[in-house]
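Enquirer: Below are the sequence and a predicted model; questions follow.
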Amino acid sequence: MTEPAAPDLTSQTIGVLGGTGPQGKGLALRWAAAGLKVVIGSRDAGRAQTAADELAEQAGSQAGAISGADNAGCASAADIVLVAVPWDGHDALLTSLRDQLAGKIVIDCVNPLGFDKQGPFPLRVEEGSAAEQAAALLPDSRVTAAFHHVSAVTLADLSVAKIDLDVLVLGDDRAATDQVRALADTIPGVRGVFGGRLRNAGQVEALTANLIAINRRYKTHAGIRITDLP
Ligand SMILES: NC(=O)c1ccc[n+]([C@@H]2O[C@H](COP(=O)([O-])OP(=O)(O)OC[C@H]3O[C@@H](n4cnc5c(N)ncnc54)[C@H](OP(=O)(O)O)[C@@H]3O)[C@@H](O)[C@H]2O)c1
């Protein structure tokens, strides 16, 4: 069942760790454009504020408020926190934010990938996936995994009024995955679809290597759709 995800997000603040990069900025832009309150996080508060100012200008006057903070300030201020840093920085950043992220919904969109002469390939992760590593590092948080397959280029281009994409949302906490599905649904064209428990996140992260290979061959920004859902 893909019943519309019901939770109301208007009272929630969405934090984006690593929100100065293309993926975090793109999602922050779309969430702000949907009227949500967003806090951009960075290792440098000034860089976060600069990114927030740029996004506020791009999102327009109807958008939700966008501010910037260092990553710890972002995690503290937010109710729902997206992790949008490179795989290399994932472990150290989450370890440092365990207290600030306690009790919160954490969304991991990190794809542990390598690139060589043959193109992209999934890296082996001891915990099984980036999302499972996050869950191990953040025992007091409600860790989910989502937004692995969305193109940052498409997100940044507001002339793309509808993004043709299903966002697979994984996690062990039903209410948390419902909230994240609702967050996906705020982006026009996007549908949040429950994709299984967190132990199934590895293949969702790895599938990004296939999408990047498709993008390279066909010069596009491919996404996925799940068929035969009501
Ligand atoms: N790009 C996409 O289309 C896309 C799509 C789906 C998923 N993803 C995933 O989203 C994540 C972010 O992607 P991106 O392309 O936005 O990456 P990125 O530009 O390389 O990094 C995002 C931000 O993370 C911060 N950062 C860099 N190294 C860090 C470290 N060692 N520790 C802590 N923070 C660090 C930087 O911000 P500050 O210097 O300001 O701290 C940077 O602006 C990746 O894990 C990727 O797999 C990306």
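Expert: That came through, no problem.

Enquirer: residue ranges for the strands of the chain, please.
Expert: With strands called from DSSP state E, the chain shows them at 13-17, 37-42, 66-70, 80-83, 105-108, 113-116, 119-122, 142-145, 165-171, 190-196.

Enquirer: strands paired with the fifth one, and their directions?
Expert: Each strand pairing with strand 105-108, determined using DSSP bridges, is listed with its direction: strand 80-83 (parallel), strand 142-145 (parallel).

Enquirer: picking up where we left off before, could you export the strands of the chain as JSON lines, including mean neighbour count, mean pLDDT and distance to the ligand?
Expert: Where you see a C-beta, it was placed from the backbone N, CA and C, and this is true even at glycine. Formatted as JSON lines, the strands of the chain follow (neighbours: other C-beta atoms under 10 Å; pLDDT from 0 to 100; distance: least, C-beta to the nearest ligand atom, whole Å):
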{"stretch": "strand 13-17", "mean neighbour count": "29", "mean pLDDT": "98", "distance to the ligand": "7"}
{"stretch": "strand 37-42", "mean neighbour count": "28", "mean pLDDT": "98", "distance to the ligand": "3"}
{"stretch": "strand 66-70", "mean neighbour count": "22", "mean pLDDT": "98", "distance to the ligand": "9"}
{"stretch": "strand 80-83", "mean neighbour count": "28", "mean pLDDT": "99", "distance to the ligand": "8"}
{"stretch": "strand 105-108", "mean neighbour count": "28", "mean pLDDT": "99", "distance to the ligand": "9"}
{"stretch": "strand 113-116", "mean neighbour count": "12", "mean pLDDT": "98", "distance to the ligand": "7"}
{"stretch": "strand 119-122", "mean neighbour count": "16", "mean pLDDT": "97", "distance to the ligand": "10"}
{"stretch": "strand 142-145", "mean neighbour count": "28", "mean pLDDT": "99", "distance to the ligand": "11"}
{"stretch": "strand 165-171", "mean neighbour count": "24", "mean pLDDT": "98", "distance to the ligand": "10"}
{"stretch": "strand 190-196", "mean neighbour count": "20", "mean pLDDT": "98", "distance to the ligand": "13"}
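
Enquirer: Reformat these as JSON lines; add distance to E54.
Expert: Listed next are these as JSON lines, based on distance: least, C-beta to C-beta, whole Å:
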{"stretch": "strand 13-17", "distance to E54": "14"}
{"stretch": "strand 37-42", "distance to E54": "10"}
{"stretch": "strand 66-70", "distance to E54": "9"}
{"stretch": "strand 80-83", "distance to E54": "18"}
{"stretch": "strand 105-108", "distance to E54": "22"}
{"stretch": "strand 113-116", "distance to E54": "27"}
{"stretch": "strand 119-122", "distance to E54": "29"}
{"stretch": "strand 142-145", "distance to E54": "28"}
{"stretch": "strand 165-171", "distance to E54": "24"}
{"stretch": "strand 190-196", "distance to E54": "23"}
